[in-house]
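S.K.: Provide a 3D model corresponding to the input given below.
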Amino acid sequence: MGDILSQNEIDELLKALNAGELNVHEIKNTTQEKKITSHNFRRPSKFAKEHLKTLNIMHDNYARLVTNFLTGYLRTLVQVDVISVETLAYNEFTNSIGNPVVLAVVDFSPLSGSIIFEMDPHIAFALVDRILGGKGEQVEKVRDFTEIELAIIERVVIQILNLLREPWENVAPIRPRLERIETNVQFAQIVSPNEMIALITLNAHIGDAEGMINICIPHMVVEPIVPKLSTKFWFSMVEKENTEEQRASIKKRVENTEVPVKAILGEASILVMDFLELQVGDVIPLDTNVNEDLEIKVGDITKFYAKPGVRKNKLALKITSVVKKEDD
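M.R.: Now for the predicted structure:
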C-alpha cells in the first residue's frame, strides 16, 4: 500500500497540475521498473563475494605458514603469496592443467568429499632438488616424475596439508588427509565437470624456481559450512596469544638452524701465469696485517672480528668484537 498524502501535499499537487508544471499523461504512463537479476544456469554463482573474501583471508594466513615451514625445511629463501581467489567450473580448472603435474587428492574430513592440491612441476622439481642437496634451480624441461621423486614430494605435501588446519579452525575443525598423488589430470575427477569450485591460486618462489600452487575446493564439499564463510565469523574469534610452548618450539627451531660461518684471512691479486706456476711451499702475501683482526662472516654479512690461533691442536678463532646493526 502506498504512502497516504497529507492535505498540504494534496493542495501542492493540485496547484502544480493547474499551473501546468505536471503532465497527467506522463504520470499515468510511468510504471515502476522491476529489478531483474541475471542467472547463468550453466555457471551458477554458488560462492558469494563475501565467501571468496573470507577464503582469501584464510589462505593468506596459510601462505605465511607455508613460507615459514618451507624456509626452515629447505634452508633456503621461500616466498608464497596468494594471487587470486575465484569461482569457476571444475572442467575449466582441469582443462587449464598440463601433464605431467602433481595433483594431490585430499580427503577433507570431517566434511564429505575431497579437494585438489595442485603443484606446478617446476616447484615440485625444485623441492626434490633442494631436499637431495641441490640448489633448487628451475628445470629447463619438464619430464615425468620417478617413483623416488614422487615419494619425496608426497612427504612434503603431507606436511604442507597439515598446515591447513590452523587457518580453517575458525570455520571448521578439518583434518586433511592425503589420499593419493596423480600426475595425470584425467585420473583426478573428484566431482562432475560442471560442479562449481573455489580456486585459490598461490605463487611460490623457491630459490630461483617459480611456479603456481592451486587449491581446488568444490562447492559440494563446503556446502554445509558455507554460511560460516563470512568475515563476521572469521573475526569473531579473539586472536590467540602465543603460549610458552609455542615460543619454546620456535626458539628451538631457530637455534637448530645451521648457517655458514667463514673467516676472511685476507685478499691478494696475482697474475694467471703466477697462479699456474704455484708449487707446494710457495707463499702468497695477503693484504691483512699479522696483528689485525680477521673478518668473520655469517652467510654474506660481517658479524664478528676475531684473532686467529690454535686450540687443542686445531685452528681456531677468538672473537674480539661483535658487529651490531647500527655499526654497519
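S.K.: every contact and neighbour count from this point should use C-alpha atoms.
M.R.: Fine.
S.K.: the helix or strand where residue 125 lies - what's its average pLDDT?
M.R.: Taking DSSP states H and E as the criterion, the element that holds residue 125 is helix 121-131. The pLDDT scores in helix 121-131 average 91.
S.K.: so what touches it?
M.R.: Helix 121-131 has contacts (CA atoms under 8 Å, 6 or more residues apart in numbering) with 74, 100-102, 135-139, 142, 149, 152-153, 204-206, 209-212.
S.K.: can you pull out the helices in the stretch 101-250 of the chain?
M.R.: Ranges of helices within the stretch 101-250 of the chain are 121-131, 147-162, 165-168, 219-222, 231-234, 244-255, based on DSSP state H, counting those that start in this stretch.
S.K.: check these for me: which has the lowest mean pLDDT.
M.R.: helix 231-234 (a mean of 62).
S.K.: the inter-axis angle of the biggest helix by length in the chain versus helix 147-162?
M.R.: Longest helix in the chain, counting residues (DSSP state H): helix 49-74. If you take axes from the mean of the first three to the mean of the last three CA atoms, to 10 degrees, helix 49-74 sits at 130 degrees to helix 147-162.
S.K.: show me which positions of helix 49-74 end up buried.
M.R.: 51-52, 54-56, 58-63, 65-67, 69-72, 74 (16 or more other CA atoms under 10 Å).
S.K.: now do stretch 152-172
M.R.: Buried residues in stretch 152-172, counted by 16+ other CA under 10 Å: 153-154, 156-158, 160-161, 163-164, 166-168, 170-172.
S.K.: pretty sure residue 205 is touching residue 78, no?
M.R.: Yes: with contact defined as CA atoms under 8 Å, residue 205 counts as touching residue 78 (5.5 Å).
S.K.: ok, the two, which is more surrounded?
M.R.: A side-by-side neighbour count of residue 205 and residue 78, using other CA atoms under 10 Å, places residue 78 first with 21 against 17.
S.K.: distance check, that one against residue 131.
M.R.: Going from residue 78 to residue 131 by CA to CA, to the nearest Å gives 13 Å.
S.K.: ok, residue 223 - how many residues close by?
M.R.: So residue 223, with other CA under 10 Å, has 15 neighbours.
S.K.: list the contacts of it.
M.R.: If you count contacts by CA under 8 Å, 6+ apart, residue 223 has none.
S.K.: contacting residues for residue 103?
M.R.: So residue 103 contacts 116-119, 181-185, 188 (CA under 8 Å, 6+ apart).
S.K.: from those residues, which land in strands?
M.R.: 116-119, 181-182 (DSSP state E).
S.K.: model confidence for the residue lying closest to residue 47 once chain neighbours are set aside, exactly?
M.R.: Counting by CA to CA, 6 or more residues apart in numbering, residue 47 lies nearest to residue 87, which is 6.9 Å off, once chain neighbours are set aside. Listed pLDDT for residue 87 reads 90.
S.K.: residue 87: which element?
M.R.: strand 78-89.
S.K.: show residues contacting that strand.
M.R.: 43, 45, 47, 52-53, 55-56, 59-60, 63-64, 66-68, 70-71, 193-207.
S.K.: lowest-scoring secondary structure element of the chain by mean pLDDT?
M.R.: Every helix and strand of the chain was ranked by mean pLDDT, DSSP states H and E. The lowest is helix 24-29, at a mean of 57.
S.K.: now which of the contacts of helix 121-131 would you call buried?
M.R.: Buried among the contacts of helix 121-131 (16+ other CA under 10 Å): 74, 100-102, 135-138, 149, 153, 204-206, 209-212.
S.K.: in a strand, that's where residue 317 is, yeah?
M.R.: Yes: the assignment for residue 317 by DSSP: H, G, I helix; E, B strand; the rest coil puts it in a strand.
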